[in-house]
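Enquirer: Next comes the sequence, and after it the predicted model I'd like to discuss.
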Amino acid sequence: MRTTQMFIPTLREDPGEAEIVSHRLMLRAGMIRKVAAGIYSYLPLGLRVIRKVEQIIREEMNQIGAQEVLLPMLSPAELWKETERWDFYGKELMRCQDRHDRDFCLGPTHEEIVTDLFRREVRSYRQLPVTLYQIQTKFRDEIRPRFGLMRGREFIMKDAYSFDQNEEDAQKSYNDMYQAYQRIFTRTGLHFRAVQADTGLIGGSSSHEFMVLANIGEELIVFDPESSYAANVERAEVVTSPPASQDEPYHSLKKVNTPQTKTVTEVCQLLNTTADHLVKTLLYTTPQGSIIAVLIRGDHQANEIKIQRHLGIHDLTLADSDSVQSVTGAPTGFSGPIGLKNVQILADQAVQHLKNYIVGANEADNHYINANHSRDFNIDVVGDFRQAEAGDQSPHSQAKLETARGIEVGHVFMLGTKYSEKMGAKFLDAQGEEHCAIMGCYGIGVGRAAAAAIEQNHDDRGIIWPIPIAPFHVHLLPVTTSEQVLEVTQTLYAALEHANVEVLLDDRNERAGVKFNDADLIGAPLQVIIGDKGLKQGTVDLKERKTGEITKVIPEELVKHVLEKLS
Ligand code: ATP
Ligand code: MG
């Protein structure tokens, strides 16, 4: 391609709206343009990258026998009502109506549509297994669309759905997909880690997120530096450390005045102790409207996802001040487990090992010291209810867990019969008995993966594309308009194209400096600089974008060198 024939509106200045590198560089390199919050146009250069990521995904999906389909983006509300997601999805679902006032939504994901297809068309176990995938635009009215293609309201996703007749086959479909994802992200040139993820109410261990490690990542993961264990903090198990000493005697409970202490730190300061001697009492409202109390050690963070999973609910909100007042008789900040009536008390396992600790007294400006469970109040359930953190014991080795931030680029999830039961997606086995199909669902954010690649591959001059997803392999840069330079440029352009190298020729009438800047910004892995000085010595410069290393090569051998570097 020639630059003069391609729409590449590069920007010299950093666009103010962009907070992260990939967003900034995609705008500056003329790859994307914003239309509205979280809604982007893909320009030719950006689309080339997207298509490359898609192609890698397609090849690996086809390789494991998944079949490509294209389901409609627009889906009727009835299907979503069957699974109750019409309500459950809430404001993230983009809804609309047709001329007859019938409700529709723009698909944020496609379990409903694909399960409907299955129940209409599949009758027998002989038709299984089947895995369908598509690469398509998805719509989610995200609360905070941001970071360009990372979190859009309209974005391209590869989504796949597997249907199997038994657990064993379903696990195989899941594993095949997991392996395909490993290959896809490796081929895309990403440094990533598959981490165990939360399975919500479905339970089981089969959910992995593929995380690209990057500081701007929105997900926090914990990993064991000495084993392959890694998990999203939402899900990471916490192993209890045994109590340091059991023989501390019980002291007697005492109420102490703690005016104006709203936080754990303030209470500890006033009482001259540390946060691990205090137990927070967090009051939550369940979707059924009841209040529960969760006891967490003062230096730990509650993990609401774990609490929800234990209770078998999908929503938990901290009780508002009115509810706190009515349940405890005190304002927020002074809640405690002693004397709480009609409230289920859950305690994190770390609390179980404590003695003589501080709790709120359910009375404004007062706490108890030397509180002890069993003696002063009863715990209903002990469990793992806190967030894992750096320094925790690894559940799989002697090492301490470390944390890192990640960008979730893919997700594989064993659904079980969640949708097939609700929608009646059944098949007959060899004995003529009816069963619900066992499903898995598998997503990849195509634009997010491309953006993540930029987060991991750039310098202060611009993008440094991994070869497999680069919009062009070679950027040809004639630096003057002398006859000799133009002639050699033409010859090399033709030779490279002939060798199926994807080449962008900067044929603009611009200064060398401008061309160099744009080439570094756009980030093709190789640049070829053709100038009069070099040609006098009979050479052109072959420059690697990543290292800046220049090789002087004679024009006749350029293609050979390029192919070597690309292979
Ligand atoms: P997140 O927690 O980041 O919102 P999710 O759990 O909602 O992601 P899935 O429903 O599993 O995501 O979607 C599959 C994949 O689609 C994700 O792994 C991610 O790569 C991508 N994705 C999800 N939401 C967006 C978005 N708003 N913009 C771009 N890509 C997205
Ligand atoms: Mg989401």
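Expert: Noted; the coordinates are in hand. Ligands and ions are numbered 1, 2, ... in the order given.
Enquirer: Buried ones in stretch 369-385, by neighbour count?
Expert: 369, 370, 371, 372, 373, 376, 377, 379, 382, 384, 385 (16 or more other C-beta atoms under 10 Å). (Each C-beta comes from the backbone N, C-alpha and C, glycine too.)
Enquirer: Dig out what the third one forms beta bridges with.
Expert: Think residue 371. Applying DSSP bridges to residue 371 yields these beta-bridge partners: residue 357.
Enquirer: Look up how far residue 297 lies from it.
Expert: Counting by C-beta to C-beta, to the nearest Å, the separation of residue 371 from residue 297 is 13 Å.
Enquirer: Can you tell me how far residue 518 is from ligand 1?
Expert: Per C-beta to the nearest ligand atom, to the nearest Å, residue 518 is found 27 Å from ligand 1.
Enquirer: circling back to that earlier point, between residue 371 and residue 297, what contacts are shared?
Expert: Contact criterion C-beta atoms under 8 Å, 6 or more residues apart in numbering; residues bridging residue 371 and residue 297 by contacting each: residue 279.
Enquirer: Those residues of this structure touching ligand 1, which are they?
Expert: By C-beta under 6 Å from any ligand atom, the part of the chain that sits against ligand 1 consists of 109, 140, 142, 151-152, 155, 157, 408-411, 443, 445, 447-448.
Enquirer: Which members of the residues you listed are the farthest-apart pair?
Expert: For these, the farthest-apart pair by C-beta to C-beta is 142 and 410; their separation is 18.0 Å.
Enquirer: ok, those two, which is more surrounded?
Expert: In terms of neighbours (other C-beta atoms under 10 Å), residue 410 is the more surrounded of residue 142 and residue 410; the figures are 28 against 16.
Enquirer: sec struct for residue 518, please.
Expert: Three-state secondary structure (criterion: DSSP: H, G, I helix; E, B strand; the rest coil) places residue 518 in helix.
Enquirer: show me what contacts the residue nearest to it when sequence neighbours are not counted?
Expert: Residue nearest to residue 518 in three dimensions, not counting chain neighbours: residue 10, with 5.3 Å by C-beta to C-beta, 6 or more residues apart in numbering. For residue 10, the contacting residues are 28, 29, 30, 518, 521, 522, taking C-beta under 8 Å, 6+ apart as the criterion.
Enquirer: Residue 562 now?
Expert: The neighbourhood of residue 562, defined by C-beta under 8 Å, 6+ apart, consists of 473, 474, 496, 499, 501, 526, 528, 542.
Enquirer: do that again at 7 Å, thanks
Expert: Applying C-beta atoms under 7 Å, 6 or more residues apart in numbering, one finds that residue 562 lies in contact with 474, 496, 501, 526.
Enquirer: Now do the closest residue to the third one other than its chain neighbours against residue 465, distance only.
Expert: When you say that, I think you mean residue 501. Distances taken as C-beta to C-beta, 6+ apart put residue 473 closest to residue 501, at 5.2 Å, once the chain neighbours are dropped. Distance, residue 473 to residue 465, by C-beta to C-beta: 9 Å.
Enquirer: the more surrounded of the two?
Expert: Set side by side, residue 473 and residue 465 show more neighbours around residue 465, with 25 against 20, by other C-beta under 10 Å.
Enquirer: which one is the more buried one nearest to, not counting chain neighbours?
Expert: Spatial nearest neighbour of residue 465, chain neighbours left out: residue 523 (4.8 Å); criterion: C-beta to C-beta, 6+ apart.
Enquirer: Relative to ligand 1, how far out is that neighbour?
Expert: For residue 523, the distance to ligand 1 (C-beta to the nearest ligand atom) stands at 21 Å.
Enquirer: That residue against residue 466, yeah?
Expert: No - no contact is recorded between residue 523 and residue 466 when judged using C-beta atoms under 7 Å, the distance being 9.8 Å.
Enquirer: one step back: quick check: neighbours shared by residue 473 and residue 465?
Expert: In terms of C-beta under 7 Å, 6+ apart, residue 473 and residue 465 are both contacted by the residues 524, 525.
Enquirer: Could you check how many residues crowd around residue 456?
Expert: Other residues lying near residue 456 total 18 when counted by other C-beta under 10 Å.
Enquirer: residues in contact with it?
Expert: Under the criterion of C-beta under 7 Å, 6+ apart, the contact partners of residue 456 comprise 190, 191, 212, 214.
Enquirer: give me that answer again for 6 Å
Expert: If a contact means C-beta atoms under 6 Å, 6 or more residues apart in numbering, then residue 456 has residue 191 as its contacts.
Enquirer: ok, the nearest residue to residue 37 once chain neighbours are set aside to residue 40 distance?
Expert: Distance criterion C-beta to C-beta, 6+ apart; nearest residue to residue 37, sequence neighbours excluded, is residue 145 at 5.0 Å. As defined by C-beta to C-beta, residue 145 lies at a distance of 10 Å from residue 40.
Enquirer: When the two are compared, which one has more neighbours?
Expert: A side-by-side neighbour count of residue 145 and residue 40, using other C-beta under 10 Å, places residue 40 first with 23 against 19.
Enquirer: Identify the neighbouring strands of the host helix or strand of the more buried one in the sheet and state each direction.
Expert: Using DSSP states H and E, the element containing residue 40 is strand 39-42. Using DSSP bridges, the strands paired with strand 39-42 are strand 32-36 (antiparallel).
Enquirer: Is the residue lying closest to residue 79 once chain neighbours are set aside in a helix, a strand, or coil?
Expert: Computed as C-beta to C-beta, 6+ apart, the closest residue to residue 79 that is not its neighbour in sequence is residue 112, at 4.0 Å. Secondary structure for residue 112, judged by three-state DSSP, is helix.
Enquirer: Please state the offset of stretch 557-567 from the chain centre?
Expert: The chain centroid and the centroid of stretch 557-567 are separated by 36 Å, computed with C-alpha atoms, centre = their mean, to the nearest Å.
Enquirer: Tell me which residues of that stretch come out buried.
Expert: The neighbour-count check on stretch 557-567 (16+ other C-beta under 10 Å) flags 558, 559, 561, 562, 566 as buried.
Enquirer: In JSON lines: these, plus secondary structure.
Expert: Conversion of the buried residues of stretch 557-567 to JSON lines gives the following (three-state DSSP):
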{"residue": "558", "secondary structure": "helix"}
{"residue": "559", "secondary structure": "helix"}
{"residue": "561", "secondary structure": "helix"}
{"residue": "562", "secondary structure": "helix"}
{"residue": "566", "secondary structure": "helix"}
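Enquirer: Using a markdown table, lay out those together with distance to residue 505 and pLDDT.
Expert: As requested, the buried residues of stretch 557-567 are arranged in a markdown table below (distance: C-beta to C-beta, whole Å; pLDDT from 0 to 100):
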| residue | distance to residue 505 | pLDDT |
| --- | --- | --- |
| 558 | 13 | 98 |
| 559 | 15 | 98 |
| 561 | 18 | 98 |
| 562 | 14 | 98 |
| 566 | 17 | 96 |
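Enquirer: Closest one of those to residue 342?
Expert: The nearest one, if we look at the buried residues of stretch 557-567 relative to residue 342 and count by C-beta to C-beta, is residue 566, at 70.1 Å.
Enquirer: tell me the contacts of the closest one?
Expert: Contacts here follow C-beta under 6 Å, 6+ apart; on that basis residue 566 touches 467, 473.
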